[in-house]
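In: show me the folded form of this:
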Amino acid sequence: MNKKPGLMVLLLTLILAMLNVISAAEPIQLKIGSVVVTQGSQQLAEPPQAPQIIGDRAMLPFRYLVQTILGGEVAYDNATRRITASVNGHEVVMVVDELAITIDGELHEYGQAPIVVEGSTLVPLRAFDLLVEKLEWEGTSETVTITLKQTEVATPVYPKPSLDKDRYGNTISVPAKVETIVSMAPSNTEIVSALGLAGKIVGADQFSLDIEGVHPDVLVFSFSDLDGEKLIDLNPDIIIGTGITRQAGAFDPYKVIREAGICVVEFPSSYSVEHIKEDILFIAAALDVFDRGLDLVASMDKEIAAISKIAETISEKKKVYFEVGHLYSLGNNNFIHSMIEIIGAVNILGDQGSWIRVNEEDVFGADPDVILTSADYLTAPGMTNEEAAIAEIKTRGGWDAITAIKNEAVYYIDTNSSSRANHNMVKALQQMAKAVYPELYP
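Out: Numbers count the residues shown, from 1 in each chain. Take a look at the predicted model:
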């Protein structure tokens, strides 16, 4: 079932973290025992684990350096504890607690095996010799200096968020160890599932029950009519809340739950793709799996970058009308608007606010080249819900004069991936790109 537009709220917070970019111009420095990483006068994102001296060897956080600093990719096999990485044209293979490290097919040993410390894999300093331009160790100050190769591509760096306040600005105290979770929105439940923690969910909203990993016997809550007493009795370690519960009112529905000593982490509606990434990283940090959050965001960035690269070549941008319900659409304060821009198109209602009850005359006047709809609640004999939604738009009185209708350019976009603000928006983004520019996005 689609969320009713009346439950949506305007966004109340600004983006909390800025996006930094690493270049190869200046060396990067790390110090043993410190999570402060610098490049010249700029402080970069902190690694989840500080470099350490283990067995007289300097050990560095592997995933952080490969993904965050060098822009590579890392994969970890839980069953075999095998780590594979691709970075700067090199292939690296290692197994936790085994001395041998394979780089481009050749075996190397550096006197200390890779080791896991509080969830992060540390590897010997010298394992990075072949991966960077220059690697220096200063023993007195215990400082590592890394000079990047000039061919390395700049990569986004996402700082680990502070957990003093949630995304709504409420002061919070996140438990050191989270074993039980209540998720009050399917968008957040999908994030928890993607982070590999769905098994810890003991309560969820009614739309989260079919999400992978969620146990069918979890307690069910309504995000629009919060049962505080039931939540207090359940006593989870953390509740991942949604601003929809506030229904645009000043009343804080979680107040009594917070007063009972339960940690509530609340999220307003996402107004951009960057905001979605920050929400993912906040949830990952709160659940103490920040590295997994970085992986999730990195996979998003990869797909978005591929689409953006093509979008940059588009000189004549098509006009798009995106309908989420009958004559209900969106303006510029919405992540779907961001998605329309990413694919190289123009939202015909981009000069208006977040959620809009549409005047048909505005659509006629804008004359969109393409109409997209995520409505999936209509029925018609012999049609799927998606086909019925497209047919209803095509047969509206007076709409036959619109360019999109004339050219049969009306398309359905997956409801869940386009309405739930999380990593799955990439699926909707790809559908939108292919629908609007089929000749550019095969």
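In: check the burial of Leu226 by counting its neighbours.
Out: Residues contacting Leu226 under the criterion other Cβ atoms under 10 Å number 20. Just so you know, the C-beta spots here come from the backbone N, C-alpha and C atoms, and that holds for glycine as well.
In: number the chain from 47, please
Out: Understood, numbering begins at 47; the last thing we discussed is Leu272.
In: so how far is Met230 from it?
Out: According to Cβ to Cβ, to the nearest Å, Leu272 and Met230 sit 8 Å apart.
In: shared neighbours, the two?
Out: Thr291 (Cβ atoms under 8 Å, 6 or more residues apart in numbering).
In: ok, the residue nearest to Asn379 when sequence neighbours are not counted - how many residues close by?
Out: Of all residues not flanking Asn379 in the chain, Ser400 sits nearest, at 4.0 Å (Cβ to Cβ, 6 or more residues apart in numbering). By other Cβ under 10 Å, 18 other residues sit near Ser400.
In: same question, Arg442
Out: Arg442 has 14 nearby residues by other Cβ under 10 Å.
In: can you check Ala91 too?
Out: By other Cβ under 10 Å, neighbour count at Ala91 equals 20.
In: give the contact list for it.
Out: The neighbourhood of Ala91, defined by Cβ under 8 Å, 6+ apart, consists of 66, 83, 114, 203-206.
In: swap in Asp325?
Out: Residues in contact with Asp325 (Cβ under 8 Å, 6+ apart) are 213, 234, 237, 313, 316, 467-468.
In: and the pLDDT at it?
Out: pLDDT recorded at Asp325 is 96.
In: so for Val163, what's the nearest residue that isn't a sequence neighbour?
Out: Counting by Cβ to Cβ, 6+ apart, the nearest residue to Val163 once its immediate chain neighbours are dropped is Gln95, at 5.5 Å.
In: re the thing from before, just the contacts of Asp325: which are in helices?
Out: 234, 237 (DSSP state H).
In: any of the contacts of Asp325 buried? List them.
Out: Among those, those scoring as buried are 213, 234, 237, 313, 316, 467-468 (criterion: 16 or more other Cβ atoms under 10 Å).
In: where strands are concerned, which of the residues you listed count?
Out: Phe313 (DSSP state E).
In: return the member of the buried ones among the contacts of Asp325 nearest to Val169.
Out: Closest approach to Val169 among the buried ones among the contacts of Asp325 (Cβ to Cβ): Ile237, at 28.8 Å.
In: my read is Gln367 is in a strand, agree?
Out: Just so we're on the same page, residue 367 is Tyr rather than Gln. Yes - checked against DSSP: H, G, I helix; E, B strand; the rest coil, Tyr367 lies within a strand.
In: can you pull the contacts of it?
Out: Counted by Cβ under 8 Å, 6+ apart, Tyr367 has contacts 375, 394-395, 409, 412, 414, 416-418, 450.
In: sorry, back to before: just the closest of the contacts of Ala91 to Val370, please.
Out: Tyr204 (28.9 Å).
In: isn't Val82 right up against Gln89?
Out: Yes - between Val82 and Gln89 there is a contact at 6.4 Å, judged by Cβ atoms under 8 Å.
In: how far away is the residue lying closest to Ala426 once chain neighbours are set aside from Lys440?
Out: Leaving out its chain neighbours, the residue that sits closest to Ala426 by Cβ to Cβ, 6+ apart is Ala434, at 4.0 Å. Using Cβ to Cβ, Ala434 is found at 11 Å from Lys440.
In: when these two are compared, which one has more neighbours?
Out: Ala434 (19 against 15).
In: now do the SS call for the more buried one.
Out: Recorded secondary structure, Ala434: helix (three-state DSSP).
In: can you give me the pLDDT of it?
Out: Looking at Ala434, its pLDDT reads 95.
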